[in-house]
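> Quick one: sequence and predicted model below, then my questions.
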Amino acid sequence: MKKIILLFFILTSLFSFSQEINIIPKPVELKTGKGNFILSSKTVILLQDDANKSSAHFFNDYLKKYYGIELKLANSAKDNFISLKTRPNNSNPNPEGYNLKVNNTSVDLTGFSNEGTFRGVQTLIQLLPVDRQPVTTQQQFSIPVVTITDYPRFPYRGMHLDVSRHFFPVDYIKKYIDFLALHKMNYFHWHLTDDQGWRIEIKKYPKLIEIGSWRDGTIIGKYPGTGNDGIRYGGYYTQDQIKEIVKYAADRFITIVPEIDMPGHNMAALAAYPQLGTRPDSIYKVAQTWGIFGKMNNVLAPTDFTFQFIQDVLTEVMQLFPSKYIHIGGDEVFKKWWKDCSTCQQFMKTNKLKDENELQSYFIHRIEKFVNSKGRTIIGWDEILEGGLAPNAVVMSWRGEKGGIAAARQNHYVVMTPGSPLYFNHSQLQKDDSLTAGGYDPIQSVYNYDPVSKELNGKQAKYILGAQGNLWTEYISNERKVEYMIFPRMSALSEIVWSKKEDRNWKDFKKRMTGQIKRYDLWKVNYCKTPIR
Ligand code: ACM
């Protein structure tokens, strides 16, 4: 009798233990049921075709890495399976949508496209237990019975990474892309060029990496700093490495938007090819300090050589990156350098440009025409509004929301990334021990941010594609610090771009964050121990 009672307790504790469900971003609809699906090494992943193989591999890799278990793929099974399939949903055309049904004997995940299946895998991952550390000895665990219908609010859900101020190797870029995938983000904005280093191999201009990807030292401490470390610093991605990363992201249904910043922020390119500059006879050097806006002549001169250079660079960039969007920067162009340059003034006269704002606009229009001719669309920082927007340009609003609002009112698509609260290089603690850029943007501010400004009417609101968190790396020199700055804010961002606005609820989010923090621990990532209250 005692044995039976003991068995009863073991069985009930195994099967009726109700696991907390903490999914971030919050799904559109979630119904809980009774009991669990027991996942063990005998469970198979059921695939009817190869189209969802990358989703199956992502799930399996996750299980292997964090739970020490690997499932077999099969094309038929009676029970104890996790089925991944794709069916277009006529009543919901959102390709990223999915239905997930967990019952006692099987799991059925149906994406409205293969992309939707992949997003659904991220939810399934979040139904795995987080209360234990990697379960290498425990070969089975439970997934609670649930029915979920889900799809994103915005089509652009992005994270940015600046690899110019500090360089991050291929393996870490892949890890960063995995973080995006786990948060259902679908765009990685890769800031590849800037004053402090050119990071992408361009075959036609080899000096960009030979000279432009290295600097002879780096400022110590917070700008203006306490000196220079005098240590040569640099790095770049070969075209083969870029292809590998683009494929890695595509397998996760993440599009990489490359940024080649112009006509400002170009000290590294100028160091390699001074003939691009407004003072081609001067000595340009890859920048070693931050905060150089206006103090250093980093702008390209509008000449035939420059325009040919840009077209050649973008041609190689577009061969590497299939993204519809190509980011061409456009920010912080200090016009004084064009004012002081006779060639530039002559160019303006010839082209009937009345001031330097019009020259900036001419520049962006001209490059847009070229990019459009290749079937792509430009994105630029909100300065591209100055002097008139290029006809098809998408605006990334960073100096607050003003630029984004103005662009949406002109029927231009917009990605919102206002410095406050979406610059994740700002501090998230009122007093941070580590060095950060100015600004205080805690997780609460991120969670309370809405990408659709109240100033927009319904028609204009449709031009808001979504939002993005930016990580400028002046004060982020290593991988642990990257994680410290993006976590936990990225979890809040994922919810404001994915979940329905009506479902926004700080108290509920806070509760779900307790599960998410355990997940961070499982991933062994570094996160800011910011008070979430
Ligand atoms: C920017 O932060 N300069 C876009």
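Nice, thanks for sending it over.
> what does this protein put close to the ligand?
Proximity of the chain to the ligand, by CB under 6 Å from any ligand atom, involves residues 331-332, 381, 398. In short, each C-beta sits where N, CA and C put it, glycine included.
> Mind telling me which residue of the stretch 401-533 of the chain is nearest the ligand?
W472 (6.4 Å; CB to the nearest ligand atom).
> tally of neighbours for that residue?
Number of residues near W472 (other CB atoms under 10 Å) recorded here: 22.
> isn't T105 right up against I82?
No. Contact criterion CB atoms under 8 Å: T105 and I82 do not qualify, at 11.1 Å.
> Of those two, give the one with the bigger neighbour count.
A side-by-side neighbour count of T105 and I82, using other CB under 10 Å, places I82 first with 23 against 11.
> The more buried one: which element?
According to DSSP states H and E, I82 maps onto strand 81-86.
> wait, what's in contact with the nearest residue in space to K72 that is not next to it in sequence?
In this structure, K72 finds its nearest non-sequential neighbour in V44, 5.0 Å apart by CB to CB, 6 or more residues apart in numbering. By CB atoms under 8 Å, 6 or more residues apart in numbering, the contact list for V44 reads 71-74, 77, 80-82.
> Relative to the ligand, which of those residues is nearest.
Ranking these by separation from the ligand, with CB to the nearest ligand atom as the measure, puts I82 on top at 42.4 Å.
> re earlier: who's the residue nearest to K72 bridged to?
Each beta-bridge partner of V44 is listed here: K72, F81, as defined by DSSP bridges.
> now it: how far from T123?
Per CB to CB, to the nearest Å, V44 is found 20 Å from T123.
> Next, work out how far apart V395 and I405 are.
Here V395 is placed at a distance of 10 Å from I405 (CB to CB).
> again with E244
As defined by CB to CB, E244 lies at a distance of 39 Å from I405.
> Please apply the same query to D61.
Summarising the geometry, the distance separating D61 from I405, computed by CB to CB, is 42 Å.
> So between those two, which is more surrounded?
Applying other CB under 10 Å to D61 and I405 shows that I405 carries more neighbours, namely 22 against 12.
> Q48 touches A77, doesn't it?
No. Using CB under 8 Å, Q48 makes no contact with A77, being 11.2 Å away.
> quick one: which of those two has more around it?
The residue with more neighbours, out of Q48 and A77 and counting by other CB under 10 Å, is A77; that gives 15 against 12.
> what's the pLDDT at the more buried one?
In the predicted model, A77 carries a pLDDT score of 96.
> Please settle this for me: is it part of a strand?
No. When classified by DSSP: H, G, I helix; E, B strand; the rest coil, A77 is found to be coil rather than part of a strand.
> So N526 sits against F487, correct?
Yes. The pair N526 and F487 passes the contact test of CB under 8 Å, sitting 7.4 Å apart.
> Looking at those two, which is more packed in?
A count of neighbours by other CB under 10 Å puts F487 above the other of N526 and F487, at 22 against 17.
> and the gap between the more buried one and H191?
Taking CB to CB as the criterion, F487 is separated from H191 by 20 Å.
> hey, where'd the helices end up in the stretch 51-200 of the chain?
All helices of the stretch 51-200 of the chain, identified by DSSP state H, counting those that start in this stretch, fall at 53-67, 114-126, 170-182.
> Out of those helices, which is the most enclosed?
Highest mean neighbour count among the helices of the stretch 51-200 of the chain (mean count of other CB atoms under 10 Å): helix 114-126, with a mean of 23.
> quick check: angle from it to helix 53-67?
On the basis of axes from the mean of the first three to the mean of the last three CA atoms, to 10 degrees, helix 114-126 is oriented at 10 degrees to helix 53-67.
> Could I get the average pLDDT for helix 114-126?
Helix 114-126 shows a mean pLDDT of 98.
> and that helix, what other elements does it pack with?
When contacts are defined as 3 or more CB pairs under 8 Å, 6 or more residues apart in numbering; DSSP states H and E, helix 114-126 sits against helix 53-67, strand 81-86, strand 98-102, strand 106-111, strand 140-150, helix 170-182.
> ok, 6 Å please
Packed against helix 114-126 by the contact rule (3 or more CB pairs under 6 Å, 6 or more residues apart in numbering; DSSP states H and E) you find helix 53-67, strand 81-86, strand 98-102, strand 106-111.
> export the residues of the chain next to the ligand to JSON lines and tack on pLDDT and secondary structure?
Listed next are the residues of the chain next to the ligand as JSON lines, based on pLDDT from 0 to 100; DSSP: H, G, I helix; E, B strand; the rest coil:
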{"residue": "D331", "pLDDT": "97", "secondary structure": "coil"}
{"residue": "E332", "pLDDT": "96", "secondary structure": "coil"}
{"residue": "W381", "pLDDT": "98", "secondary structure": "strand"}
{"residue": "W398", "pLDDT": "98", "secondary structure": "coil"}
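> could you give the mean pLDDT of stretch 211-219?
The average pLDDT for stretch 211-219 rounds to 98.
> which residue is nearest the centroid of this protein?
By CA atoms, centre = their mean, the mean C-alpha position of the chain lies nearest to M159, the distance being 2.2 Å.
> where's that residue relative to the ligand, distance?
Summarising the geometry, the distance separating M159 from the ligand, computed by CB to the nearest ligand atom, to the nearest Å, is 15 Å.
> Next up, the contacts around that residue.
Residues touching M159, when contacts are defined by CB atoms under 6 Å, 6 or more residues apart in numbering, comprise 180, 185, 469.
> Quickly list what it is bridged to.
With beta bridges defined as DSSP bridges, M159 has these partners: F188, G469.
> how much space between it and M318?
As for M159, its distance to M318 is 22 Å (criterion: CB to CB).
> Over to P144?
With the distance defined as CB to CB, P144 ends up 46 Å from M318.
> Same check on D382?
Distance of D382 to M318, computed by CB to CB: 23 Å.
> more neighbours, those two?
D382 (25 against 17).
> Quick check: closest non-adjacent residue to the more buried one.
Leaving aside its chain neighbours, D382 sits nearest to G403 (2.7 Å; criterion: CB to CB, 6+ apart).
> Same check on G120?
Counting by CB to CB, 6+ apart, G120 lies nearest to Y98, which is 3.4 Å off, once chain neighbours are set aside.
> if I pick that neighbour, what's in contact with it?
Contacts for Y98 (CB under 6 Å, 6+ apart) come out as 111, 116, 119-120, 150.
> Would you check which pair of the residues you listed lies furthest apart?
Greatest spacing in those, by CB to CB: G111 and D150 (10.1 Å).
> between the two, who's got more neighbours?
Legend: neighbour count by other CB under 10 Å for G111 and D150, higher for G111 (28 against 25).
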